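Trainee: using only what follows, build the 3D model:
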Amino acid sequence: MNVQESFNKFVKDSKRVLKVSKKPDKQEYFELAKVTSLGVVIVGVIGFVVFLLGALIGL
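Mentor: This is a model prediction of the structure:
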């Protein structure tokens, strides 16, 4: 497969993805924002606990 064929395949696949994708409605957007925020908070809490344990141990 040469460069031109690869590019044409990429364009074709990209058009197909854009055709089936849709804009999220307001409820779906807020649910996604809540889940993402919860994940950020959980990772932050885990990082803070690791930092505190490191400070207590003296690393």
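
Trainee: how about the helices in the chain?
Mentor: 3-20, 26-57 (DSSP state H).

Trainee: need those in TSV (columns: mean pLDDT and mean neighbour count).
Mentor: In short, each C-beta sits where N, CA and C put it, glycine included. Output for these, formatted as TSV (pLDDT from 0 to 100; neighbours: other Cβ atoms under 10 Å):
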stretch	mean pLDDT	mean neighbour count
helix 3-20	92	9
helix 26-57	96	10
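
Trainee: just the CA coordinates of stretch 21-29, formatted as PDB?
Mentor: Taking C-alpha atoms only, stretch 21-29 is exported to PDB below (Å, rounded to 0.1, in the frame of the first residue of the first chain):
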ATOM      1  CA  SER A  21     -20.900  10.600  15.200                       C
ATOM      2  CA  LYS A  22     -23.400  13.000  16.900                       C
ATOM      3  CA  LYS A  23     -23.200  16.000  19.100                       C
ATOM      4  CA  PRO A  24     -24.100  15.100  22.700                       C
ATOM      5  CA  ASP A  25     -27.200  16.500  24.200                       C
ATOM      6  CA  LYS A  26     -27.100  18.600  27.400                       C
ATOM      7  CA  GLN A  27     -27.900  15.700  29.800                       C
ATOM      8  CA  GLU A  28     -25.200  13.400  28.200                       C
ATOM      9  CA  TYR A  29     -22.700  16.200  28.400                       C
END
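
Trainee: work out the gap between it and the centre of the chain.
Mentor: Chain-centre distance of stretch 21-29: 16 Å, with Cα atoms, centre = their mean, to the nearest Å.

Trainee: next: stretch 13-33.
Mentor: Offset of stretch 13-33 from its chain centre (Cα atoms, centre = their mean): 14 Å.

Trainee: and that stretch, how far apart are its ends?
Mentor: 28 Å (Cα to Cα, to the nearest Å).

Trainee: swap in stretch 18-25?
Mentor: 17 Å.

Trainee: what sits up against that stretch?
Mentor: The contact list for stretch 18-25 (Cβ atoms under 8 Å, 6 or more residues apart in numbering) reads Leu32.

Trainee: all good on my end, thank you.
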